[in-house]
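Trainee: this one's structure only:
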C-alpha cells in the first residue's frame, strides 16, 4: 500500500484537497498516518537489507565453491569504463558539441557514477553515516508524533 492509499483509507476522503484538510485538522488521524508511514519506511528498509543479504550470500556461496561473480565484475568494469569515456568526451569535445549533447553525456556520466556508488555500497556495506542519518530522521519523525 502506498502513501496516497494510506491517506485515503485513514481519512475516508477521495480528493487530494479533502485528504490534506482531514490530515491537518485531525491530530489523531495525522498521528495514525505518520505511524503508518514510519512502518512503511521500515518495511522498505527491511526489504532492502534482506535483498542485499541475499546477494551477499550468493557471492559467498560462489566464493566457497571456487567461482567468482563474473557478472558483477563485468558490470563494475563497464560502469567505470562508461564514466571514464563520458568524462574524456566532455574534456576533449565539450566546445565542439551542442549544449544538448553535453547535457546528455553529463547525465549518462551521472548514471554511471551512481552505478559505481551502488557497487561500492554493496561491496563495503552501508556507511555508519547513513545509519546515523536514518536514526535522526526516525527520531525527528517520532518527535513529531508526541
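Mentor: That came through, no problem. Please read all numbers here as calculations on a predicted model, not as lab measurements.

Trainee: Would you tell me which helix is longest in the protein?
Mentor: Identified as the longest helix of the chain according to DSSP state H is helix 27-64.

Trainee: Just the mean pLDDT for that helix, thanks.
Mentor: For helix 27-64, the mean per-residue pLDDT is 84.

Trainee: ditto for stretch 71-82
Mentor: In the prediction, stretch 71-82 has an average pLDDT of 93.

Trainee: Same question for whichever strand or helix holds residue 111: list its buried residues.
Mentor: Under the criterion of DSSP states H and E, residue 111 resides in helix 99-124. Within helix 99-124, the residues scored as buried using 16 or more other CB atoms under 10 Å are 105, 109, 112, 113, 115, 116, 122. Where you see a C-beta, it was placed from the backbone N, CA and C, and this is true even at glycine.

Trainee: what helices or strands is that helix leaning on?
Mentor: helix 27-64, helix 70-93 (3 or more CB pairs under 8 Å, 6 or more residues apart in numbering; DSSP states H and E).

Trainee: Buried residues in the shortest one, which are they?
Mentor: Of the residues in helix 70-93, those scored as buried under the neighbour-count criterion (16+ other CB under 10 Å) are 72, 76, 79, 82, 83, 86, 89.

Trainee: Verify the stated contact: the fifth one with residue 109.
Mentor: Yes: Residue 83 lies in contact with residue 109 (CB atoms under 8 Å); the separation is 5.8 Å.

Trainee: can you put the buried residues of helix 70-93 in TSV and add distance to residue 52?
Mentor: Output for those, formatted as TSV (distance: CB to CB, whole Å):
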residue	distance to residue 52
72	13
76	16
79	18
82	23
83	23
86	27
89	33
